[in-house]
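[1] fold the following, please.
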Amino acid sequence: MTTIINRSNGDDRPQQSSSLNTQQQQQQKSHANVVRKPSVDNVDSDGEDKLIDESNIEDLVKELPQSSDKTVQFLDNMLAVLPNKWRNYIVRSIFTLIMVIGFGLVIYWGPLALMILTLCIQVKCFQEIIAIGYSVYRVHGLPWFRSLSWYMLITSNYFFYAESLVEYFSLVLKQPNILQPLISYHRFISFTLYVIGFVWFVLSLVKRYYLRQFSLFAWTHVTLLIVVTQSYLIIQNMFEGLIWFIVPVSMIVINDSMAYLFGFFFGKTPLIKLSPKKTWEGFIGGVISTVFLGMIVSNLMI
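    Sure thing, here's the model as predicted:
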């Protein structure tokens, strides 16, 4: 009888230890789930930033602006009987024609309309690039990133474009009016606005996220360098003559359109893995067409 009791006690001990191991494993899993949360996984015990956990990358990608191939509903219904290849070709041709006509109207309306169009494109490009940084930034619940980015965009535009207005419309702007102080003290005001933005950024710093915040502050500056500087140089070219704007833009349109046409009819060899639909035949055809048609457009505008 004693032997049976001892055996039963002996059998109970491993059962208790196994239950303890099970509880420890559950605690470790729960702890691992807590660690994966965005508010914790990017900061270690010393308060230093870490890279974003790979488990969050898919969620972040879903929040980014995504392109779409969706067409207008009536076009879908009209072209439903066609093969997908020809359907895509017809849809692209229709929208290309609409965009060419629209761009021709903007050119007809003159330099002011082209400048407004350039500024609208600038703002849209800036918004899309900043949205990528914001999708990473808001994981941490930090304040003022988008507001500070847009403030910097306004400051940069004031610095660049007010300088152009002073240079080309100085006789008009020097007349006594309410805008004269903004022109007379343009550089001082620009410097003051930037300092205010920098102080704003410093006040928004959170101790545990210095690395992340400085990285996104640099992201904003690089975006401004790419977007605002290019749009400013484009508008400067307009002041020198519309030929310096129309010819480069026309060459881009020609290259893109002819590369698609050559690739559609003759494309067989993939160009790069990033864009599997692009082909060497389309690339070479686009380059040759751009050279010849660019020369024709230039001669027509001289």
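[2] I94 and G294: what is the separation?
    25 Å (Cβ to Cβ, to the nearest Å). C-beta coordinates here come from the backbone N, C-alpha and C atoms, glycine included.
[3] who's more crowded, these two?
    G294 (17 against 14; other Cβ atoms under 10 Å).
[4] quick check, the more buried one in contact with V253.
    No - G294 is beyond contact range of V253, at 10.5 Å (criterion: Cβ atoms under 8 Å).
[5] now for V106: which residues touch it?
    Shown in contact with V106 (Cβ atoms under 8 Å, 6 or more residues apart in numbering): A113, L114, L117.
[6] top of the residues you listed by neighbour count?
    L114 (20 neighbours).
[7] part of a helix, is that one?
    Yes - L114: assigned to a helix according to DSSP: H, G, I helix; E, B strand; the rest coil.
[8] who's in contact with it?
    Contacts of L114 (Cβ under 8 Å, 6+ apart): V106, I107, M238, L242, F245.
[9] show the buried residues in those residues.
    Neighbour counting over the contacts of L114 (16 or more other Cβ atoms under 10 Å) leaves I107, M238, F245 as the buried ones.
[10] could you pull out the helices for this protein?
    Ranges of helices within the chain are 2-35, 38-41, 57-63, 73-78, 84-109, 111-137, 145-168, 170-173, 180-184, 186-203, 210-240, 243-266, 280-301, based on DSSP state H.
[11] I254 and Y137: what is the separation?
    Noted for I254: a distance of 39 Å to Y137, by Cβ to Cβ.
[12] how about the helices of the chain, which one is nearest K273?
    helix 280-301 (13.4 Å; Cβ to Cβ).
[13] now do the buried residues in the closest one.
    W280, E281, G282, F283, I284, G285, G286, S289, T290, L293, G294.
[14] nearest to Q180, of those residues?
    Out of the buried residues of helix 280-301, the member with the shortest distance to Q180 (by Cβ to Cβ) is G294, at 43.6 Å.
[15] so who does the nearest residue to that closest one once chain neighbours are set aside touch?
    Distances taken as Cβ to Cβ, 6 or more residues apart in numbering place M251 nearest to G294, at 4.6 Å, with adjacent residues excluded. Residues near M251 by Cβ under 8 Å, 6+ apart: T290, L293, G294, V297.
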